[in-house]
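here is my input; please provide its structure:
(4 chains)
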Protein chains: 2
Amino acid sequence: MNKATSHNIVIVDDHSLFASSLEKLVNSFEGFNVLYHAKNGKDLQQKLKQYSEVPELILLDLNMPVIDGFETMQWLHENQKSIKVLALTMEDDERKILKMLSLGAKGYLLKDIHPDKLNEALVQTLEKGYYHSEKVAESLLHSLHSNDSEKPTFKEREIDFMKLACSEMTYKEIADKMNLSPKTIDGYRQDLFNKLDVKNRVGLVIYALKNDISKI
Amino acid sequence: MNKATSHNIVIVDDHSLFASSLEKLVNSFEGFNVLYHAKNGKDLQQKLKQYSEVPELILLDLNMPVIDGFETMQWLHENQKSIKVLALTMEDDERKILKMLSLGAKGYLLKDIHPDKLNEALVQTLEKGYYHSEKVAESLLHSLHSNDSEKPTFKEREIDFMKLACSEMTYKEIADKMNLSPKTIDGYRQDLFNKLDVKNRVGLVIYALKNDISKI
DNA sequence: ACAACAAACAGGAAAAACCCTTTTTTTAAA
DNA sequence: TTTAAAAAAAGGGTTTTTCCTGTTTGTTGT
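Numbers count the residues shown, from 1 in each chain, chains lettered A, B, ... in the order given. A predicted model of the protein is given here:
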């Protein structure tokens, strides 16, 4: 395979072991060549400036520190519209899929796909401009039927509170730690219970853990 | 590189994309050759029987369906003692590290390590019989200091109760569901708080989730 | 039948969580 | 500078949780 006809790919993933491995895999595909990989969105922005060669396609992981996949996608869509992006992630999360596609991603790949499918996805994205696996298409249809309300947004302080609520601290202790009156904390609690439609603190804790607001 | 002097490796990971990618990476290392990869513990057991060539080393992911990393490790330790195993996982969880090493793993690798470190780990494990990264060694020391007492045992009903406690139900509702008096539930609660050294229900919930008594 | 023991249950009370409404303070905008 | 909106705080009440110390019930072995 001569490089002239090769399609240049960039991989963005914070797990360098996976990124390096994936690079080998992509390089083994006929007609593809990995230019470099980036650890996160910030790193990607720098490297896009630094290197003269612009990739045709980016494989973008969603779960990254510093600048996550969504922000990176947004930035790419605004600043590097010519580069096609395929989102790459572990979880089959409807909201995330929708969000990425609405931000301009050309497709959404789950990390447990077969290597051949990845090859297919790369080829198809470059040829047709998009790739959608059966599984993802299914998820999308499902989400259209169950028109679940949008994921609520949280204020900085609410997130702080939720994290502390996922501990053995009483609300009074949380109030002390956040330098607020217990009554203010009670207000946060109430707002969150309503917003998240939970009945008590255990419900809040479970929500926070499910949505990676807090980790244990 | 001639195959005769090559060390045979097997990869066990349910994410076939990662497994395939990792295979390419390992094959690119001097002196290593990937025989095959398995999707889970069950698949591995079958393939070990099926193939005549026995690997020297297995790279074993922990988060797998069907038969998880721990069970697989146990089985390997009992049935294939000659094969060295390196655990491979995303999370840096002290308990999991300890558990795997106590089950006979030769080392514990985090998936975000640099490819060079992986190479080093493979070489060292085959030469010295073990590999421990600085990070893991650190975790181990930490856990030695905090000599946590043995994991307590639970009665059937206590486990039922813990699972229900990881929900928005009140204790009264839990009592109804378990066909017990609320006062009995209160007894379970109190015993568990003492046994697990937690202060309140949130502490209990977190314990149950951390120890896979309940899943969310 | 009876000791020995665990599981189930209970009374009572303080602490914490929960709920609804209203007021004060702070911040941002017109 | 007045005004509107958001954040913080509070009043005042109900319910649930938490804690302690018992008693009753059921099971098992001898």
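
contacts and neighbour counts: CA atoms only from here.
Will do.

give me the domain ranges for chain A.
Using automatic domain parsing, the domain parsing of chain A gives A:3-145, A:156-210.

who's in contact with the closest residue to A:His77 other than its chain neighbours?
Closest residue to A:His77 in three dimensions, ignoring its sequence neighbours and counting by CA to CA, 6 or more residues apart in numbering or on different chains: A:Gly104, at 6.2 Å. A:Gly104 sits next to A:Met73, A:Gln74, A:His77, A:Val85 when contact means CA atoms under 8 Å, 6 or more residues apart in numbering or on different chains.

list phi and psi for A:Leu180.
Backbone torsions of A:Leu180, given as degrees, to the nearest 10, read phi -130, psi 160.

packing partners of the helix or strand where A:Lys99 lies?
Applying DSSP states H and E as the criterion places A:Lys99 in helix A:94-102. On a contact count with 3 or more CA pairs under 8 Å, 6 or more residues apart in numbering or on different chains; DSSP states H and E, helix A:94-102 meets helix A:69-79, strand A:107-110, helix A:134-145.

so for the residue nearest in space to the middle of chain A, what's the pLDDT?
Centrality entry for chain A: nearest residue to the mean C-alpha point is A:Leu62, 2.6 Å, by CA atoms, centre = their mean. As predicted, A:Leu62 sits at a pLDDT of 83.

ok, now how distant is the residue nearest to A:His77 from DNA strand D?
Counting by CA to the nearest atom of the strand, to the nearest Å, the gap between A:Gly104 and DNA strand D amounts to 30 Å.

other residues contacting stretch A:178-195?
Under the criterion CA under 8 Å, 6+ apart, external residues in contact with stretch A:178-195 comprise A:Pro152, A:Glu158, A:Phe161, A:Tyr171, A:Lys172, A:Ile174, A:Ala175, A:Asp176, A:Lys199, A:Asn200, A:Leu204.

now the helices for chain A?
Remark: helices assigned in chain A by DSSP state H are A:16-28, A:41-50, A:69-79, A:94-102, A:115-128, A:134-145, A:156-165, A:171-177, A:182-196, A:201-210.

for the longest one, list the C-alpha coordinates in CSV.
Listed in CSV are the C-alpha atoms of helix A:182-196, where the atom choice follows Å, rounded to 0.1, in the frame of the first residue of the first chain:
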residue,chain,number,x,y,z
PRO,A,182,-28.3,23.8,56.7
LYS,A,183,-31.4,25.5,55.4
THR,A,184,-29.7,26.3,52.1
ILE,A,185,-28.6,22.7,51.8
ASP,A,186,-32.2,21.7,52.4
GLY,A,187,-33.2,23.9,49.5
TYR,A,188,-30.7,22.2,47.2
ARG,A,189,-31.9,18.9,48.3
GLN,A,190,-35.5,19.8,47.6
ASP,A,191,-34.8,21.2,44.2
LEU,A,192,-32.8,18.1,43.2
PHE,A,193,-35.5,15.7,44.4
ASN,A,194,-38.0,17.6,42.2
LYS,A,195,-35.7,17.9,39.2
LEU,A,196,-34.6,14.3,39.3
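
specify the angle between it and helix A:201-210 in degrees.
Comparing the axes of helix A:182-196 and helix A:201-210 via axes from the mean of the first three to the mean of the last three CA atoms, to 10 degrees yields an angle of 70 degrees.

so helix A:182-196, near DNA strand C or not?
Yes - remark: helix A:182-196 sits within contact range of DNA strand C at A:Asp186, A:Gly187, A:Gln190, A:Phe193, by CA under 7 Å from any atom of the strand.

any idea of the angle that helix forms with helix A:156-165?
Relative orientation of helix A:182-196 versus helix A:156-165 (the same axes, to 10 degrees): 90 degrees.

among the domains of chain A, which one carries the weakest average confidence?
Mean pLDDT per stretch puts domain A:3-145 lowest among these, at a mean of 83.

quick one on the thing from earlier: quick one: the residue nearest to the centre of chain A and A:Glu71 touch, right?
No - between A:Leu62 and A:Glu71 there is no contact under CA atoms under 8 Å: 9.4 Å.

DNA strand C contacts on chain A?
Counting by CA under 7 Å from any atom of the strand, chain A comes close to DNA strand C at A:Met169, A:Thr170, A:Tyr171, A:Lys172, A:Asp186, A:Gly187, A:Gln190, A:Phe193, A:Lys199, A:Asn200, A:Arg201, A:Val202.

selection in ChimeraX covering whichever of these are buried, please.
To isolate the buried ones among the residues of chain A next to DNA strand C in ChimeraX, judged by 16 or more other CA atoms under 10 Å in any protein chain shown, type:
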select /A:169,171,193,199,200,201,202
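
adding distance to DNA strand D as columns, could you present the residues of chain A next to DNA strand C in JSON lines?
Rendered in JSON lines, the data for the residues of chain A next to DNA strand C read as follows (distance: CA to the nearest atom of the strand, whole Å):
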{"residue": "A:Met169", "distance to DNA strand D": "10"}
{"residue": "A:Thr170", "distance to DNA strand D": "9"}
{"residue": "A:Tyr171", "distance to DNA strand D": "12"}
{"residue": "A:Lys172", "distance to DNA strand D": "11"}
{"residue": "A:Asp186", "distance to DNA strand D": "7"}
{"residue": "A:Gly187", "distance to DNA strand D": "6"}
{"residue": "A:Gln190", "distance to DNA strand D": "9"}
{"residue": "A:Phe193", "distance to DNA strand D": "14"}
{"residue": "A:Lys199", "distance to DNA strand D": "10"}
{"residue": "A:Asn200", "distance to DNA strand D": "8"}
{"residue": "A:Arg201", "distance to DNA strand D": "9"}
{"residue": "A:Val202", "distance to DNA strand D": "9"}
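
now, the most widely separated pair of the residues of chain A next to DNA strand C?
By the measure CA to CA, A:Lys172 and A:Lys199 form the most distant pair in those, at 19.5 Å.

quick revisit: buried sites along the helix holding A:Lys99?
With burial defined by 16+ other CA under 10 Å, the residues of helix A:94-102 counted as buried are A:Lys96, A:Ile97, A:Leu98, A:Met100, A:Leu101.

quick check: angle from it to helix A:69-79?
Our comparison of helix A:94-102 with helix A:69-79, counting by the same axes, to 10 degrees, yields an angle of 10 degrees.

got the residues of chain A near DNA strand D?
A:Lys155, A:Arg157, A:Asn179, A:Leu180, A:Ser181, A:Pro182, A:Lys183, A:Thr184, A:Gly187.

make CSV out of those and add distance to B:Phe29.
What follows is the residues of chain A next to DNA strand D, written out as CSV (distance: CA to CA, whole Å):
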residue, distance to B:Phe29
A:Lys155, 48
A:Arg157, 48
A:Asn179, 54
A:Leu180, 56
A:Ser181, 59
A:Pro182, 59
A:Lys183, 61
A:Thr184, 58
A:Gly187, 58
